[in-house]
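>>> Sharing a sequence plus its predicted fold:
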Amino acid sequence: MHIRRHPLLLSGMLAASATLALSGTADAAVAKLSQSVAASQLAAAGVTHSSSGGCTTRSNAHCTSYDQINKATVDGLKTLKSASGCAINVTGGTEVGHASGTYSHYNGYKADIARNSCIDGYVTRSFTHISTRGDGATRWRSSAGNVYANEGSHWDITYCGGNTSCTAAASA
C-alpha cells in the first residue's frame, strides 16, 4: 500500500515543529495576564494594591499596573499571602518608571510590596540571605528561586517562575 503525503499537511506539520522549537526561547513560554484578570485573582486571594496616582495605567509611573504581568508573578504573590498570613499590598507592578532589564517590572517579573513587620519577619525567617546590593538593599532568596530585595520602603520581588537564569540575574 502506498501512502501519499499531502503537501499542505506536511507544511502545517513543519510550521508546528518550528513553533515548538522556537518556544524554548527566553520569554516565549511566559504566560502574561491582563490588568483585569490579574487584579481579580489577587483580590480573590486577599492581596491589595495602591498607587500614588490612584490608577492602573501601565504608561503612567504614578499608577500600579498589572497589565502584562507574568502569571508566575501573580501566583507568587498569592502564595506569599497564603504562606505568610501577612497583609500584602502591591505598590509597584508593570508600570513605567522602574529599572529596565530582561527580568524587570515592565516585563512582568517584578512586583513591589509595602513593608510591614509581618512580611519583614516572614521573609527574613523563611528565606536565605544571599547578599547586600551596592545600593544597600539586602537580598533574600526563596527555595523556589524568587529574590526579595529590601529597598527600605518596600520589598522589590523578582518572581522567576523556576527560570534559573532569572534567579542568577536577580541574585548577582
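Nice, thanks for sending it over.

>>> for the chain, what spans make up the strands?
Counting by DSSP state E, the segments of the chain that form strands are 32-33, 48-49, 69-70, 89-92, 110-114, 128-132, 138-141, 147-150, 154-158.

>>> Ranking these by mean neighbour count, which comes first?
Stretch with highest mean neighbour count among the strands of the chain: strand 69-70 (a mean of 28; mean count of other CB atoms under 10 Å). Backbone N, C-alpha and C define where each C-beta goes, glycine included.

>>> Would you enumerate the residues in contact with the nearest residue to Glu151 once chain neighbours are set aside?
Spatial nearest neighbour of Glu151, excluding adjacent residues (CB to CB, 6 or more residues apart in numbering): Ala137 at 5.0 Å. For Ala137, the contact set (CB atoms under 8 Å, 6 or more residues apart in numbering) comprises Ala149, Asn150, Glu151, Gly152, Asp156.

>>> ok, so of those, who is nearest Ser59?
Proximity of the contacts of Ala137 to Ser59 (CB to CB) peaks at Asp156, which lies at 20.8 Å.

>>> So which residues of the chain form helices?
Secondary structure of the chain by DSSP state H: the helices cover 7-22, 35-44, 71-84, 117-126, 164-171.

>>> How about the contacts made by Val74?
By CB under 8 Å, 6+ apart, the residues touching Val74 are Leu33, Ala38, Gln41, Leu42, Tyr66.

>>> ignore the last one, His105
Shown in contact with His105 (CB under 8 Å, 6+ apart): Gly92, Gly93, Thr94, Glu95, His98, Ala99, Ala111, Asp112.

>>> next one: Cys63
Residues in contact with Cys63 (CB under 8 Å, 6+ apart) are Ser51, Gly53, Cys55, Thr56, Thr57, Glu95.

>>> From Val123, how far off is the fifth one?
As defined by CB to CB, to the nearest Å, Thr57 lies at a distance of 29 Å from Val123.

>>> When the two are compared, which one has more neighbours?
The residue with more neighbours, out of Thr57 and Val123, is Val123; 22 against 16, by other CB atoms under 10 Å.

>>> isn't the more buried one right up against Thr138?
No: applying CB atoms under 8 Å, one finds Val123 not in contact with Thr138, separated by 9.6 Å.
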